[in-house]
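1. task: produce atomic coordinates for the following.
(3 chains)
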Amino acid sequence: MNAPHHTMPESSSAFPLDRWYVVGFSWELTDKPIARTILGHPLVLFRMAEKPVALEDRCCHKSLPLSLGALEEGGLRCGYHGLLFGEDGACKDIPGQANIPCEARVRAYEIRERDQILWIWFGSSEHPAPQAEPPGYWVHSDPQYKFRGDVFHFEAPYQLVHDNLLDLSHLGYVHLRTIGGNARIHMEADMKVEQEGETIRVTRYMRDSEPPPTYTAARPFSGNVDRWQEIDFRVTHLLIWAGAVEPGSDSLSDPNRGGFHIRGFHGVTPETETSTHYFWTVATNPHPDMQDVTEIVRSQSELTFQEDKIVIEAQYRNMLRFSGASTVDVHVDVGPNRARRIIDRLCVKQRC
Amino acid sequence: MNAPHHTMPESSSAFPLDRWYVVGFSWELTDKPIARTILGHPLVLFRMAEKPVALEDRCCHKSLPLSLGALEEGGLRCGYHGLLFGEDGACKDIPGQANIPCEARVRAYEIRERDQILWIWFGSSEHPAPQAEPPGYWVHSDPQYKFRGDVFHFEAPYQLVHDNLLDLSHLGYVHLRTIGGNARIHMEADMKVEQEGETIRVTRYMRDSEPPPTYTAARPFSGNVDRWQEIDFRVTHLLIWAGAVEPGSDSLSDPNRGGFHIRGFHGVTPETETSTHYFWTVATNPHPDMQDVTEIVRSQSELTFQEDKIVIEAQYRNMLRFSGASTVDVHVDVGPNRARRIIDRLCVKQRC
Amino acid sequence: MNAPHHTMPESSSAFPLDRWYVVGFSWELTDKPIARTILGHPLVLFRMAEKPVALEDRCCHKSLPLSLGALEEGGLRCGYHGLLFGEDGACKDIPGQANIPCEARVRAYEIRERDQILWIWFGSSEHPAPQAEPPGYWVHSDPQYKFRGDVFHFEAPYQLVHDNLLDLSHLGYVHLRTIGGNARIHMEADMKVEQEGETIRVTRYMRDSEPPPTYTAARPFSGNVDRWQEIDFRVTHLLIWAGAVEPGSDSLSDPNRGGFHIRGFHGVTPETETSTHYFWTVATNPHPDMQDVTEIVRSQSELTFQEDKIVIEAQYRNMLRFSGASTVDVHVDVGPNRARRIIDRLCVKQRC
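-> Residues are numbered from 1 along each chain as shown, chains lettered A, B, ... in the order given. Sure thing, here's the model as predicted:
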């Protein structure tokens, strides 16, 4: 793609640049273009000749959002005067006019599709073009897993979503109706926080504890289980692996351990400095002789994330009301605070 | 009327002054006062002794909008403490108080009624009083025409409505469901743009073309027709004459030509710098032996203008999102660009 | 209570300080905490060990509104990570953490309950602690009276509500459907305005006038009556006493006069500089042989205050549209203007 690469606006220093952000899922691109703002950039997304395309969502003629236009084989046709744009952002047709001026083009963005996740590159002026391919996500392609997912929108800055996902101690208070269970067990679980460069791993083990109903439906557990929650933070997304094995049967630190698994993918992409897209999937490993609980886990996750949305948005509105008020840290903030330091350092580096 | 004439606020330089703007239609003034903001001035409109009245929409006592008050024979009575205002804006009654201070008055505006159109004068400090009477519109009074109309509101600056009306090439993309027809025919029609002082005429001829269904219902056309669209731009309003004759029967430039006519009146009045009132009527000339299609044309026009509203408001919101982004002109912009130059010149002159 | 006393924000100089404001009614505190902003301070209100508590509505950990939390015996538990706060604002429990840092506390406000009215102290830096107890309201406790009430919210500054309550001449225009009656009678009634320090009394007598239907239902009046309206203004609330006696039977100035009474309590508490809480009750003195009209008076009052809300909010929006426009005073403004001078003087004094 030879689209012109603009430098980012000043405001982008609020986000780590030079990396891939999740912009959508493969199944979202159908016969209609999608409007989605990412890191402050209004985009139109569509599929053309089976490949995803991301363009600036503004016709260069009269500024109508191209997302109001119509898809055809040659590209996306504007809904006002019919200008046609291809995957590189160049105008290919101006109805009633033979000559197409070379300024008639819109910005095209680097977009990739891997394992049903759509990634978009947001580079700095130093690295406008991708420096590597986006990460794969093997769970979406592994036949032993089944997954479902959706896109949520939060009226809150993305770092509040990081805080929420990196500290699952809130389960007992926010998610009483769904995955919460006994609040004290969550708050008092063994917790380990490890960091390696730009990644953080928060591990929580709850050994010899009673399995939740979903777990016993999905696996023939006979009594208590050894449970784990592993949260991997990666700047633009998090992987959360929860599950349980028969007590003592597998080491909770063995990456190939068996048992019942729930694997969550969580793409946390800033829409603007004060709003966030949340792209999530949950996968389970069905057992041939047991109930497939993927749909149950999906609907419970949906409820759970809706509860998170209420809390996070209320939290942000209150932060604005009490602007500048001081806060007190507690033991569960170790993981979230490390993530904030990583993001802060990346943003500061960009400003220099 | 001897109401005090104030000078316009600074912000008014965004609008050409010293001219009549459409403020409403005769049939809107019934037994209730109407609130309507014009060029940034909140007004209350009502009829008194059969004549239209336009006052500042604020009681001089406690600032309640007078449009919340009640009409009686002597004028408009405020809905808070009952002060009564006549057509010149002077207070005529303060319940419970004998003496009426001379400051107890609100601004009255020059308003006229002609051919069922209500016009209001917005003068500069140089010309606070009207320099001429408002234009007539003979179509509303001519017995060979029947018309219907309505008032729409756009959350967009008035010049985007001018652009839309002066360039009918958008018909094929915006109005697919109604008057659009074949997009290419509209984009590739013969177009002529003429200017004379502050008026512009855009003429488009589509000779020997298939008539739309409404046309064949209204007139006994036997096959193809010669069609025309004539757009007359006049700073505060546009007249659009469309129609068709039997091929070769009348010259398309003969002002007295026969055939089937649709005559549109389009009053485009700024509400504020970022919102617009759109006063429209459509008239047809019923044939004694054929169906009267006035109501069909009205309902199609209504749908059409609703489609325009969606496009124009989306366009404006996108212009704000992409503030300062450059645009590319195409062939159909000749008419709209001339209108913009006329408006710009008038606004600049005022600032000097 | 030994909560830390902060100094008020700058903006508070728009409100008279060092006094008790109404913050609610006793019956509002049930099993759920209440969020309510008073003088710009977002508060959470709840009852603990039968006593009312008012805390800053922000958890000191992650800023979630405490009003989203859950009440338990020991206090209010935050809905995010479960921190527990007692009536003095100190954190009493951090789940999963033994040590509670002493900064883990939120501001607690002085709140009192008297005669079913909840009062909150808003002090200046000079008088952060209450200088006296809040006023009682004997009507709520007197067995000869029955009362009902509610809380309304106005999107308008509190002084516009004072204006409205201190000048009942608007009854004939705003409240035509309910308590209005003949507009002229209200506008032309005998009116007396007395001031003593920070209190104002507006008295209106309508002697030998026809009683409204509610009055004749509640008392065996045989013909015309002597009616009165007494408005007592007290900076943070107003007491309005209306009623009627048989003509000549009691002096209209006798504080122990009989007849039919409607006693209104009107707590007018700024929410912010541009919005207001309106806490009202109406009480009547039922006659053993006649209909109890308390519920009729309550529902009429509710309708009336809804009409006032429409007028006051429209007035305020119009004041913003016509910012800086001059106004004209009339005879009924004497009471309201005195109240404004009292408030202005108190606010100016604070700024010095």
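
2. run a quick neighbour tally on the residue lying closest to A:His140 once chain neighbours are set aside.
-> Once flanking residues are discounted, A:His140 sits nearest to A:Asp115: 4.1 Å by Cβ to Cβ, 6 or more residues apart in numbering or on different chains. No exception for glycine: its C-beta is placed from N, CA and C like everyone else's. The local packing of A:Asp115 (other Cβ atoms under 10 Å in any protein chain shown) involves 15 other residues.

3. then A:Arg234?
-> With other Cβ under 10 Å as criterion, A:Arg234 counts 17.

4. now do the contacts for the residue nearest to A:His140.
-> A:136-141 (Cβ atoms under 8 Å, 6 or more residues apart in numbering or on different chains).

5. need the max-distance pair from the residues you listed.
-> By the measure Cβ to Cβ, A:Gly136 and A:Val139 form the most distant pair in those, at 9.7 Å.

6. output the contacting helices and strands for the strand ranked longest in chain A.
-> As assigned by DSSP state E, the longest strand anywhere in chain A is strand A:260-272. Applying 3 or more Cβ pairs under 8 Å, 6 or more residues apart in numbering or on different chains; DSSP states H and E, we find strand A:260-272 packed against strand A:19-25, strand A:34-38, strand A:146-154, helix A:158-166, strand A:237-245, strand A:275-284.

7. what comes up buried for that strand?
-> Buried residues in strand A:260-272, counted by 16 or more other Cβ atoms under 10 Å in any protein chain shown: A:260-272.

8. pull up the pairing partners for that strand, direction included.
-> Note on strand A:260-272: by DSSP bridges, its sheet partners are strand A:237-245 (antiparallel), strand A:275-284 (antiparallel).

9. quick check: phi and psi at A:Leu118.
-> With angles defined as degrees, to the nearest 10, A:Leu118 sits at phi -100, psi 130.

10. need the longest helix for chain A.
-> helix A:294-321 (DSSP state H).

11. just how off-centre is the helix or strand just after that one within its chain?
-> For helix A:294-321, the succeeding helix or strand toward the C-terminus, using DSSP states H and E, is helix A:334-351. In terms of Cα atoms, centre = their mean, to the nearest Å, the centre of helix A:334-351 is found 18 Å from the chain centre.

12. same deal with stretch A:136-150?
-> With Cα atoms, centre = their mean, you get 15 Å for stretch A:136-150.

13. endpoint to endpoint, that stretch covers what distance?
-> End-to-end span of stretch A:136-150 (Cα to Cα, to the nearest Å): 18 Å.

14. ok and the residue in chain A nearest chain B?
-> Residue of chain A nearest chain B, by Cβ to the nearest Cβ: A:Gly96 (3.3 Å).

15. pretty sure that residue is touching B:His331, no?
-> Yes. Using Cβ atoms under 8 Å, A:Gly96 makes contact with B:His331 at a distance of 6.0 Å.

16. more crowded one of those two?
-> It is A:Gly96, of A:Gly96 and B:His331, that has more neighbours when counted by other Cβ under 10 Å, with 20 against 17.

17. list phi and psi for that one.
-> With angles defined as degrees, to the nearest 10, A:Gly96 sits at phi 80, psi 0.

18. thank you, goodbye.
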